[in-house]
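S.K.: Generate coordinates for the sequence data below:
(chains A and B)
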There are 2 protein chains.
Amino acid sequence: MINEKMIKLGSSRSVIRELFEYGKILKEKIGEDKVFDFTLGNPSVPCPDEVNKYASKVILEDSSVHAYTSAQGDLAVRKAIVKYNKDKYGYSLNENLIYMTCGAAAAIKIAFSSIISSDTDEILAVAPFFPEYRVFAETSGAKFNYVKCDEENFLVDFDAFEKAITNNTRGVIINSPNNPSGSVYDEKTIIKISEILDKKQKEYGEPIYLIADEPYREILFDGELCPFIPKYYKNTIICYSYSKALSLPGERIGYLAVSPEADNKENLYFAVMGAGRALGYVCAPSLFQKVLIEHADKTSEIAPYKDNRDILINALEKLNFTCVNPKGAFYLFVKSPIEDAVEFSNIAKTYGLLLVPSDSFGVKGYVRIATCVSKETAVNSIPYFTRLAKDLKMI
Amino acid sequence: MINEKMIKLGSSRSVIRELFEYGKILKEKIGEDKVFDFTLGNPSVPCPDEVNKYASKVILEDSSVHAYTSAQGDLAVRKAIVKYNKDKYGYSLNENLIYMTCGAAAAIKIAFSSIISSDTDEILAVAPFFPEYRVFAETSGAKFNYVKCDEENFLVDFDAFEKAITNNTRGVIINSPNNPSGSVYDEKTIIKISEILDKKQKEYGEPIYLIADEPYREILFDGELCPFIPKYYKNTIICYSYSKALSLPGERIGYLAVSPEADNKENLYFAVMGAGRALGYVCAPSLFQKVLIEHADKTSEIAPYKDNRDILINALEKLNFTCVNPKGAFYLFVKSPIEDAVEFSNIAKTYGLLLVPSDSFGVKGYVRIATCVSKETAVNSIPYFTRLAKDLKMI
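M.R.: Just a heads-up that it's a prediction; the model follows:
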């Protein structure tokens, strides 16, 4: 009488993890220097020294550092988050509508649990999407659906998007800067999404919440800036994490923010608190809440991700690979030179190149290369990509 | 279309929190020294210096301290937990059946989610019980049921217990040392529980999992030692937390351990991993996993809790209050001198004494006094208890 769905979820590893584990074995077999593991989104740039020093000091000096905080999170950190977003994006969130979470995964799960009430409810994602969205939606009792993107620029195919929204759509989840494509939704895209959602929620007479999964919001190249979504669409729920931009993935710290202009914002926030409670989240880790009171405005160094991106794009394009040029995040999305990306990933494996096929992200025919690796890994992989390209007669 | 159940859970504070918030306002009004807040189970004894120093050092010296760990948790910390329990209780858990969690609340929620499959499934608790059990069970889709305890000693009323187990009972949750009564289940009690569960699972042909919620296992007085439950009952799931014994409540660190002798242990552990994934727990906070590799065998000082217990019991018994003598944890369970404990709690409030009525713990007619306060608070409260007792004509 063990829950069968949970057994299945726990025994089936994600494709990414599968490949990562394979890499560990391969390294033992053929040597660490011959395996190029581009699988995981584990930041290669460390958390800034000043942040670590501060955390280290807080532990020794603040006698209440390990105490429970309120379920919503320490008021001071929620205020620091409001200040940071106001200074950077010119928009005021409300500290009483911010809920500190154990990272973005918890925030997304809590958001879904708050807006899903029946098994006809639907969550809609835009491909390519993080595969766990499906898990979070389905285990919250909803149907999960997604629309293909526009493969020209990896933004939104608006016609398909509009058609996919039904009167059961309770939430739409988007992820920009995007994992895996690195695309960044520009202002035009956000405005168009907002217009469609506004039209649809008027048509159906129910709010459609836009869940903005934004762990990469601060990892941008070439002067890009993400539009701040609550400015454009009132029914926005931000799911943020310090995993990527502050290189704290293991510490599980992030937040959920209900837009101060959202419909039923008080009830929505109550539901967020209720979902957090029901899911067993008592509070977000207290030390890193304390740390963020002083450091919510910091990021790790972004330049190394840009350097790796440039090293790999330059090399791969010379080998006649087609790459989506990422404007943010730390992935490179590369067109598979053969139709089946899974087959291509399997071939690449034999060269020690671990590339994640795109199928589980809802797009066929690509592989994802995580560029959050050492520069050495990026540079040293090039001769292996070259041999692969030669053998596939690409050059 | 916001989830109504979640709105309700998020907008209704627990009685404990309600009283705590009242206390904060009262302190502002009549002065901090005139309010005796006995509401929260927030450890008053700090985390040991050596643990804080180590955490502080790890942050500065271990460049991978903030990286994702595997979903189960770092192998080294799981091994340290096996070693500690083996050394202390002479029983070997299995590191491959341990799953690091964000505290005991997360562990319990994950355990329930793993063993509940249908809305006829039931979780049984023994009163007095932590009120959130009901929330975790019901939001996992199960019915929640409980049996009264034997009020002689606050252990188990075995007849009532046996009768309450049905062929829908998937899990039984117990909590020893007990919050709120401070009772500790002795070996005889554990053996009798095991016998009844064994008989019942044979009768119904399905495993009944015993969920041992044990955050207070190391907080014991007068030479008590908790029996290690997997020794007595094979289908045990331990839910442990470092919140209380190591004074790290805000850091959200604990574990779930499936007994190495449990029925279907592999599938149960897969379901635990699946539930953790579905609920949005990516991994337990990495810093404190690292810290516990070296410090899983430490506890905070226990003596101050014993001192407070003795100060308060001595004083209250002189005032003709009847106290359950707690053998562990940091609460004092006191019989209400008037029938309705909620009314008594309201009267006590007017004396600045914040005592939690027992009703939400599934027992009527008692109040809980958290003894995890400063010695000063314990001592200074006595004149106020004296006035209360006089006015109630108890002395």
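
S.K.: alpha carbons only for contacts and neighbour counts from here, please
M.R.: Will do.

S.K.: mind checking which helix or strand the residue nearest to the spatial centre of chain A is in?
M.R.: Centroid-nearest residue in chain A: A:Pro215, 5.1 Å away (criterion: Cα atoms, centre = their mean). Under the criterion of DSSP states H and E, A:Pro215 resides outside all helices and strands.

S.K.: Quick check: it touching A:Tyr242?
M.R.: Yes - the pair A:Pro215 / A:Tyr242 is scored as a contact, 6.8 Å apart, by Cα atoms under 8 Å.

S.K.: And the helices in the stretch 201-350 of chain A?
M.R.: Counting by DSSP state H, counting those that start in this stretch, the stretch 201-350 of chain A has helices at residues A:265-278, A:286-295, A:303-318, A:341-349.

S.K.: Pick the most buried one from those helices.
M.R.: Mean neighbour count (mean count of other Cα atoms under 10 Å in any protein chain shown) peaks for helix A:265-278 among these, with a mean of 25.

S.K.: Look up the pLDDT of the closest residue to A:Glu214 other than its chain neighbours for me, please.
M.R.: Distances taken as Cα to Cα, 6 or more residues apart in numbering or on different chains place A:Tyr240 nearest to A:Glu214, at 5.2 Å, with adjacent residues excluded. pLDDT, A:Tyr240: 98.

S.K.: Go ahead and confirm A:Tyr240 touches A:Ala105.
M.R.: No - using Cα under 8 Å, A:Tyr240 is not in contact with A:Ala105, being 9.1 Å away.

S.K.: which regions of the stretch 51-200 of chain A sit below the pLDDT cut-off?
M.R.: Scanning the stretch 51-200 of chain A for pLDDT under 70 picks out no residues.

S.K.: Can you tell me which residues in it are near chain B?
M.R.: A:52-53, A:55-57, A:59-60, A:63, A:65-69, A:102, A:105-109, A:113-117, A:135-136, A:139, A:170 (Cα under 8 Å from any Cα of the partner chain).

S.K.: average pLDDT across the host helix or strand of A:Asn380?
M.R.: Assessed by DSSP H and E, A:Asn380 sits inside helix A:375-391. Helix A:375-391 shows a mean pLDDT of 97.

S.K.: got the buried residues for that helix?
M.R.: A:Lys375, A:Thr377, A:Ala378, A:Ser381, A:Ile382, A:Tyr384, A:Phe385, A:Thr386, A:Leu388, A:Ala389 (16 or more other Cα atoms under 10 Å in any protein chain shown).

S.K.: Does the first one touch A:Asp310 like I think?
M.R.: No - A:Lys375 sits out of contact with A:Asp310 when judged by Cα under 8 Å, with a separation of 10.8 Å.

S.K.: so how far is chain B from A:Ile16?
M.R.: Here A:Ile16 is placed at a distance of 13 Å from chain B (Cα to the nearest Cα, to the nearest Å).

S.K.: Determine the three-state secondary structure at that residue.
M.R.: Three-state assignment for A:Ile16 (DSSP: H, G, I helix; E, B strand; the rest coil): helix.

S.K.: just the strands in the stretch 101-250 of chain A please.
M.R.: A:122-126, A:143-147, A:149-150, A:155-156, A:169-175, A:209-213, A:236-241 (DSSP state E, counting those that start in this stretch).

S.K.: For B:Val35, see how far away A:Asp310 is.
M.R.: Computed with Cα to Cα, to the nearest Å, the distance linking A:Asp310 and B:Val35 is 63 Å.

S.K.: again, but for A:Phe321
M.R.: Taking Cα to Cα, one finds A:Phe321 at 71 Å from B:Val35.

S.K.: Same drill for those two, tell me which one is more crowded.
M.R.: B:Val35 (24 against 19; other Cα atoms under 10 Å in any protein chain shown).

S.K.: Contacts only, for A:Leu97.
M.R.: A:Ala257, A:Val258, A:Ser259, A:Pro260, A:Lys265, A:Glu266, A:Tyr269 (Cα atoms under 8 Å, 6 or more residues apart in numbering or on different chains).

S.K.: tell me which of these is nearest to chain B?
M.R.: A:Tyr269 (7.9 Å; Cα to the nearest Cα).

S.K.: The closest one touches A:Ser259, doesn't it?
M.R.: No - under the criterion of Cα under 8 Å, A:Tyr269 is not in contact with A:Ser259, lying 9.8 Å apart.

S.K.: Between all of the contacts of A:Leu97, which two are separated the most?
M.R.: Maximum pairwise distance in the contacts of A:Leu97, criterion Cα to Cα, is 12.0 Å, between A:Ala257 and A:Glu266.

S.K.: distance between stretch A:370-389 and the chain's centre?
M.R.: Relative to its chain's centre, stretch A:370-389 lies at 24 Å (Cα atoms, centre = their mean, to the nearest Å).

S.K.: For whichever residue of the stretch 251-395 of chain A sits closest to chain B, which non-adjacent residue is spatially closest?
M.R.: At 3.5 Å from chain B, A:Gly274 is the closest residue in the stretch 251-395 of chain A, using Cα to the nearest Cα. Distances taken as Cα to Cα, 6+ apart place B:Gly10 nearest to A:Gly274, at 3.5 Å, with adjacent residues excluded.

S.K.: ok and whatever helix or strand the one you found lives in relative to helix A:265-278, angle-wise?
M.R.: Per DSSP H and E: B:Gly10 is located in helix B:4-11. Using axes from the mean of the first three to the mean of the last three Cα atoms, to 10 degrees, the direction of helix B:4-11 lies 90 degrees away from that of helix A:265-278.

S.K.: how far does stretch A:327-339 stretch from start to finish?
M.R.: 26 Å.

S.K.: cool, stretch A:280-300 as well?
M.R.: End to end - Cα to Cα - stretch A:280-300 spans 30 Å.

S.K.: Do it and chain B come into contact?
M.R.: Yes - interface with chain B: stretch A:280-300 contributes A:Gly280, A:Tyr281, A:Val282, A:Cys283, A:Ala284, A:Pro285, A:Ser286, A:Leu287 (Cα under 8 Å from any Cα).

S.K.: hmm, back to that, list the contacts for the residue nearest to the centre of chain A?
M.R.: By Cα under 8 Å, 6+ apart, the neighbours of A:Pro215 are A:Ala104, A:Cys239, A:Tyr240, A:Ser241, A:Tyr242, A:Ser243, A:Lys244, A:Ala245.

S.K.: hang on, the earlier thing: please tell me I have it right and the residue of the stretch 251-395 of chain A closest to chain B contacts B:Ser11.
M.R.: Yes - using Cα under 8 Å, A:Gly274 is in contact with B:Ser11, at 7.3 Å.

S.K.: so of the strands of the stretch 101-250 of chain A, which one's packed in deepest?
M.R.: It is strand A:236-241: most buried of the strands of the stretch 101-250 of chain A by mean count of other Cα under 10 Å, with a mean of 27.

S.K.: quick one: that one to chain centroid distance?
M.R.: With Cα atoms, centre = their mean as the basis, strand A:236-241 stands 10 Å off its chain's centre.

S.K.: Adjacent strands (with direction) for it?
M.R.: strand A:209-213 (parallel), strand A:254-258 (antiparallel) (DSSP bridges).
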